[in-house]
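*Asks:* could you look at this predicted model? Sequence included:
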Amino acid sequence: MNENEIKKQIAHFAMQFVQDGMTIGLGTGTTSAEFIKCLAEHTFSITCVATSIASEKLALSLGLQCVPLEAVQHIDITFDGADQVDTKKRLIKGAGGALLREKILAAASDQLIVLVDKRKCVNLLGKIKLPVEILPFGNHFTIAHLQKLGYTGALRKRADGSLYVTDNHNFIYDIDLQDERTHPEEDEKKITSVTGVVDTGFFFNLASKIIIGDEQKITVVE
Ligand code: A5P
């Protein structure tokens, strides 16, 4: 089974948590895209809210009913992917650039169900890039401040070399987390204390369930 097939299997498995009448948050990324496709193949009577313009476009093109976040008072479950998951259900997200809206929806949802390939599961977060959304205004000062605190990295660029801009018209500074982080909460505190930082890709105390897939099976971590 290749990576994409695993994503499809996880998406199918996740359907058991969807019920008629629910308001569902749609994540961003390739796993979430499989989830959205799968959702559209079913005939659930649901309302969706997306974490990105890309996911909303995909959902609408497949006939799902999508409304802006401002139009709902409550989200039952958000289904989303992640870049890394540790044994305490802490996550790193944002490789797809949608971390801020993803975190806002996750926090607004009764449940966040995370859909990941087993290869993304680790004991401790780290050794990957930590996306941090920053304001374009004075971004070079924000970056200098982060670097002074030891958080080296680079502004995210598109394939054509232009700066990557989020759906919220901000930049992403990808911090190079070179080692495993024993206390990522401390990193989060330091990084978010810098003026100009909007939010980080660390997700703590947000995931309700992790659905983990590999070539053999799917498991659920509660
Ligand atoms: C989007 O901003 C991210 O948080 C994604 O949820 C994460 O990068 C996982 O994406 P894939 O499912 O494409 O690996």
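*Replies:* Great, that's in hand.
*Asks:* who's in contact with whichever strand or helix holds Ile211?
*Replies:* Using DSSP states H and E, Ile211 sits in strand 209-213. Taking C-beta atoms under 8 Å, 6 or more residues apart in numbering as the criterion, the residues outside strand 209-213 that touch it are 6-7, 9-10, 13-14, 17, 85, 89, 111, 113-118, 121, 218-222. C-beta here means a position set from N, CA and C on the backbone, and glycine is covered the same way.
*Asks:* all helices for this protein, in order.
*Replies:* Assigned by DSSP state H, the chain shows helices spanning 3-14, 30-41, 53-61, 99-108, 139-148, 184-192.
*Asks:* next one: the residue most central in space within the chain from the ligand, what distance?
*Replies:* With the centre of the chain defined as its mean C-alpha position, the nearest residue by C-alpha atoms, centre = their mean is Lys93, 4.3 Å away. Here the criterion is C-beta to the nearest ligand atom, to the nearest Å. By it, Lys93 lies 3 Å from the ligand.
*Asks:* what of Ala82?
*Replies:* Spatial separation of Ala82 from the ligand under the definition C-beta to the nearest ligand atom is 6 Å.
*Asks:* contact partners for that residue?
*Replies:* Residues touching Ala82, when contacts are defined by C-beta under 8 Å, 6+ apart, comprise 91-93, 114, 116, 120, 203, 207.
*Asks:* for the protein, what lies in contact range of the ligand?
*Replies:* Proximity of the chain to the ligand, by C-beta under 6 Å from any ligand atom, involves residues 27-32, 80-83, 93-99, 102.
*Asks:* from these, list just the buried residues.
*Replies:* If you count burial by 16 or more other C-beta atoms under 10 Å, the buried members of those come out as 27-29, 31-32, 80-83, 93-99, 102.
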